[in-house]
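K.L.:
Build me a structure from this.
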Amino acid sequence: MKASKIDDGELSKVLDRLGEAAVNPEAWRGIMDDICKAVGASAAILLQSDIRTPDVPRTESIAEATDFYFRNNWHLRDPRAKGFPRMMAGEVVTDLDVMSAEQIRADPMYNEVLFPFGYRWFAGIGFWAGSAAWALTLQRTGREGSFAARDKELLAQLAPRLTETATLATVVGRAALTSMTDVLDRVRQPALILNREGMVLRTNAAADRGFDDEIRVRERRLVLRDKQAMTRFDQLIGMIRSTPDAAAIPASPILIRRTMKPPVVLRTLPVDGAARSVFLGARVLLILSNLTPRPAPDPVLIGQAFDLTPAESRLAALLATGTSIAGAAEHLNISRETARNHLKSIFSKTGVHRQSELVTLVSQLG
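P.N.:
Numbers count the residues shown, from 1 in each chain. Predicted structure coming up:
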């Protein structure tokens, strides 16, 4: 029987460190480096069964080959993928479990991707992150040799520990995401979190209250009626998909115009800490400023402060929330001409000359 090249003692030490990755996503690369050293491999990659993105967690040693692999769409036709169901059933799968040596030598992917970068032999260990199927894949060079039967037995002990770590990381990450959005909800700031595919992972209550036909989430996608804003948002999604997870998204604020409500400004913030769990894929936090109207000052108080009529007071209170004159007229069930006449009177009584000045003045009473 072919001797194992795995150092069981060193592998046990790495297993003891896996808990670090549950709370610190940045620890994965170092842990994968140590796994490679313990098992006599040159590179490691974490892959999800149904979602393959170029920014998969991997050791630096295989970064160039991985970029080439995704750039040329080999992730869509990798012959080793047929072994994924067996991995998830608990088997450590190698190249020779799914292909013969002759097939490997003749296979286009091996000849175009793996062999040119010095890689020859593969082993995959399946594990679960909640309900999502993942695999840790290890690569050896020709000199390091294929994975022996004893190697597979030793690698099998990784599976339950990886499942334990990934599931914990998912729970901790979701808790961190919830904390981020809930803190913003307490200050009435609408917010939502997108994953690396641009899908909505979470929204807070402030955002849910503000969504309407012009800004809403449909099938886990943020949809904007403002076509210009939607085009810019699609460009943002493109940047999220193409920018490495460790890099900031170079995005400018997006102005979203609405027909009867004030415009909304969409800004992006990074997702940090445990919320960056690779198993959740959380990528950016979106802040939607002015999505929900500001609380209106008391019309009675406004009337007393500036000697306004009840009708003028109600209009001033609505304008202070950011509502347009047309929107306020519709809300108060009066004509726009009547609303404009009230506004002229309000200007005269308050001493301001612009609606923005009136909003600033009246808001101070809120």
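K.L.:
rest of the way, CA atoms for contacts and neighbours
P.N.:
Fine.
K.L.:
any idea where the strands of this protein begin and end?
P.N.:
Counting by DSSP state E, the chain has strands at residues 43-48, 93-94, 119-129, 132-141, 191-195, 200-203, 215-218, 221-224, 254-256, 264-270, 282-289.
K.L.:
wait, which of these is closest to residue 315?
P.N.:
In terms of Cα to Cα, the element of the strands of the chain nearest to residue 315 is strand 264-270, at 21.6 Å.
K.L.:
Pairing partners for the closest one, with directions?
P.N.:
strand 254-256 (antiparallel), strand 282-289 (antiparallel) (DSSP bridges).
K.L.:
For the shortest one, give me every contacting residue.
P.N.:
Surrounding strand 254-256, the residues in contact under the criterion Cα atoms under 8 Å, 6 or more residues apart in numbering are 224, 226, 229, 232-233, 263-267.
K.L.:
For residue 304, see how far away the closest residue to residue 355 other than its chain neighbours is.
P.N.:
Nearest residue to residue 355, sequence neighbours excluded (Cα to Cα, 6 or more residues apart in numbering): residue 319, at 7.9 Å. Separation of residue 319 from residue 304 (Cα to Cα, to the nearest Å): 17 Å.
K.L.:
Can you report how many residues lie near residue 91?
P.N.:
Neighbours of residue 91 under the rule other Cα atoms under 10 Å: 19.
K.L.:
correct me, but it touches residue 154?
P.N.:
No - assessed by Cα atoms under 8 Å, residue 91 is found out of contact with residue 154, at 11.6 Å.
K.L.:
Buried residues, stretch 232-243. List them.
P.N.:
In terms of neighbour count (16 or more other Cα atoms under 10 Å), stretch 232-243 has its buried residues at 232-233, 236-237, 239-241, 243.
K.L.:
again, but for stretch 326-340
P.N.:
326-329, 339.
K.L.:
Closest to residue 31 out of those residues?
P.N.:
Of all these, residue 31 sits closest to residue 327, with 57.4 Å by Cα to Cα.
K.L.:
ok, now how distant is the residue lying closest to that closest one once chain neighbours are set aside from residue 223?
P.N.:
Nearest residue to residue 327, sequence neighbours excluded (Cα to Cα, 6+ apart): residue 260, at 5.3 Å. Relative to residue 223, residue 260 is positioned 18 Å away (Cα to Cα).
K.L.:
ok, now residue 141?
P.N.:
47 Å.
K.L.:
Out of the contacts of strand 254-256, grab the one that's most surrounded.
P.N.:
Highest neighbour count within the contacts of strand 254-256: residue 233, with 22 neighbours (other Cα under 10 Å).
K.L.:
out of everything not next to it in sequence, what's closest to that residue?
P.N.:
In space, and not counting its chain neighbours, residue 233 is closest to residue 254: 7.4 Å by Cα to Cα, 6+ apart.
K.L.:
before we move on, what about residue 261?
P.N.:
Per Cα to Cα, 6+ apart, closest to residue 261 is residue 323, 5.7 Å.
K.L.:
what's stretch 67-78 in contact with?
P.N.:
By Cα under 8 Å, 6+ apart, stretch 67-78 touches 52-54, 109, 113.
K.L.:
again, only using 6 Å
P.N.:
With Cα atoms under 6 Å, 6 or more residues apart in numbering as the contact definition, stretch 67-78 has outside contacts at residue 54.
K.L.:
Would you mind checking the average pLDDT for that stretch?
P.N.:
Across stretch 67-78, pLDDT averages out at 91.
K.L.:
And residue 169, how far from residue 53?
P.N.:
Residue 169 sits 20 Å away from residue 53, going by Cα to Cα.
K.L.:
Looking only at neighbour counts, state which of the two leads.
P.N.:
When residue 169 and residue 53 are compared for neighbours, residue 169 comes out ahead with 28 against 15, by other Cα under 10 Å.
K.L.:
Which residues are in contact with the more buried one?
P.N.:
So residue 169 contacts residue 22 (Cα under 6 Å, 6+ apart).
K.L.:
What's the separation between it and residue 239?
P.N.:
Counting by Cα to Cα - residue 169 and residue 239 are separated by 26 Å.
K.L.:
before we move on, the earlier item: of residue 260 and residue 223, who's got more company?
P.N.:
A count of neighbours by other Cα under 10 Å puts residue 223 above the other of residue 260 and residue 223, at 19 against 13.
K.L.:
Which residue or residues pair with that one through a beta bridge?
P.N.:
Bridge pairing for residue 223 - DSSP bridges - gives residue 216.
K.L.:
Find me the pLDDT at it, would you?
P.N.:
On the pLDDT scale, residue 223 is placed at 97.
K.L.:
Would you check that it makes contact with residue 216?
P.N.:
Yes - the criterion here is Cα atoms under 6 Å, and residue 223 meets it with residue 216 at 5.4 Å.
K.L.:
Spell out the residue ranges of the helices in the stretch 201-350 of the chain.
P.N.:
Along the stretch 201-350 of the chain, counting by DSSP state H, counting those that start in this stretch, helices occupy 205-210, 227-242, 299-306, 310-320, 325-332, 336-350.
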